[in-house]
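A.B. asks: how does the following fold in three dimensions:
(chains A, B, C and D)
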Protein chains: 2
Amino acid sequence: MADLTFIKKVVETQAKLSIGEWELFSSFIEPVKLPKKEFLFREGDVLRHLAFVNKGCLRYYVVDPKGNEHIVYFAFEGWWIGDMDSFFQQKPTIYYMQALEDCELFLFNLPNFNRAIDETAYGQFFKKATAQSYTATQRRYAEQNTLTAEERYLKLVENKPEIFQRVPHHLIASFLGIKPQSLSRIRKLLSEK
Amino acid sequence: MADLTFIKKVVETQAKLSIGEWELFSSFIEPVKLPKKEFLFREGDVLRHLAFVNKGCLRYYVVDPKGNEHIVYFAFEGWWIGDMDSFFQQKPTIYYMQALEDCELFLFNLPNFNRAIDETAYGQFFKKATAQSYTATQRRYAEQNTLTAEERYLKLVENKPEIFQRVPHHLIASFLGIKPQSLSRIRKLLSEK
DNA sequence: CGCGGGTTTGATGATGCTCAAGCCCGGTGG
DNA sequence: CCACCGGGCTTGAGCATCATCAAACCCGCG
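C.D. replies: Model (predicted):
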């Protein structure tokens, strides 16, 4: 059986599950390995699972009509990933989720996930965690207009310095909303100071 | 008593409430009038309610460290509004919510809202509606980088033409992520075709 | 009638993109 | 073991988009 200590710790940041609830919740987990470069889902898929990242890292991105990829977020250990709209409404997603390293994921299918929400205190976790990342996405959206590329870069260096060791720079550029050339120039300028 | 036909119709798009559930749910509603220019909440407030917009329209915005306002969305009739993170975690918000017209809102406080989720099929509505707007926010975030200002303007004209009659143009510019001057120029260019 | 907020228009400038070329480095095959 | 290939990173020159600064205009309202 997979090691569940990490996911337990994460869920317990927002909700206390009784022993029985935890037993039910953990029985829903389907552990899978996702090798580097493989996709958890692609545009057009109807999501059959939401997932918890126990190990590794992935990118979540969308391809616009002009063919440009745009990375919405990177997901590292401890993140919940998926397109909730596609998952709950069982309709096709417009997003891609690709492993950037060999990953270990814990999958939850829809009936089980609904049971976890309705029958255990995981519902509390889910509500709060969703609200939090929703508000965070709104904030990031606003920052895209109010901050310059350099300021967004510095913020990332501040918040997640490891990312530059784990993720190629052209993907980080896409995440920051700029081209690889621009990221390179920003780094050069800053290093000259 | 306020007219509940509209909110009932909206909730029923995603969930069927029994007669008893609807009675409980509607007993939670606190109708209030919010006059034009007044605030439902401001930065620093801990949200005591989420709200449904039965009539009128509002803007939801954030002020960045440089003092620039950035409108995250306009809320019209049928929208649910608030900062869920502030509401569920009872922590201060960074957002402002201001009426742009005389509004009629239906408020829900935290204990009642939690009861609605846990004890009625409103929980289904909430889960799906939240997932939908979360995914929509992510899409809008991506579009901020992939579309030009003109393309975003045309998209708004397509999706919500009435907005130009109801909301001053400098606020629409803020929503589109540009300055009023730029919006004016875009409109001029397009009208010359 | 004049004030003031909102919109328009013009001139200039900064930020980040495009196009293009060169470089670095790890992996592969001879 | 070395030559070659290719992806990713860097650098340069010119360009597009949108911001900034500034002024004029429009119009509703006191």
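A.B. asks: rest of the way, CA atoms for contacts and neighbours
C.D. replies: Will do.
A.B. asks: pLDDT below threshold where in chain A?
C.D. replies: Per-residue confidence for chain A (pLDDT under 70) gives these ranges: A:1, A:193.
A.B. asks: how about the strands of it, start to end?
C.D. replies: Under the criterion DSSP state E, chain A contains strands at A:30-34, A:39-41, A:49-55, A:58-63, A:69-75, A:80-81, A:95-99, A:103-109.
A.B. asks: now do the nearest residue in space to A:Thr146 that is not next to it in sequence against A:Ala131, distance only.
C.D. replies: Counting by CA to CA, 6 or more residues apart in numbering or on different chains, A:Thr146 lies nearest to B:Asp64, which is 6.9 Å off, once chain neighbours are set aside. B:Asp64 sits 21 Å away from A:Ala131, going by CA to CA, to the nearest Å.
A.B. asks: and these two? which has more neighbours close in?
C.D. replies: A:Ala131 (21 against 15; other CA atoms under 10 Å in any protein chain shown).
A.B. asks: pretty sure that one is touching B:Phe126, no?
C.D. replies: No: judged on CA atoms under 8 Å, A:Ala131 makes no contact with B:Phe126 at a distance of 11.4 Å.
A.B. asks: need the contact list for the spatially most central residue of chain A.
C.D. replies: With distances taken as CA atoms, centre = their mean, the residue of chain A nearest its centroid is A:Ala75 (3.4 Å). With contact set as CA atoms under 8 Å, 6 or more residues apart in numbering or on different chains, A:Ala75 has these partners: A:53, A:57-60, A:81.
A.B. asks: residues of chain A that sit close to chain B?
C.D. replies: A:62, A:64, A:68, A:70-72, A:83-85, A:88-89, A:118, A:127-128, A:131-132, A:134-135, A:137-138, A:141-142, A:144-146, A:177 (CA under 8 Å from any CA of the partner chain).
A.B. asks: how does chain A divide into domains?
C.D. replies: Each domain of chain A is listed here as a residue range: A:5-145, A:147-193, per automatic domain parsing.
A.B. asks: DNA strand C: which of those domains is closest?
C.D. replies: Closest approach to DNA strand C among these (CA to the nearest atom of the strand): domain A:147-193, 3.2 Å.
A.B. asks: any bit of that closest one sitting next to DNA strand C?
C.D. replies: Yes: contact of domain A:147-193 with DNA strand C (CA under 7 Å from any atom of the strand) involves A:148-150, A:177-179, A:181-182.
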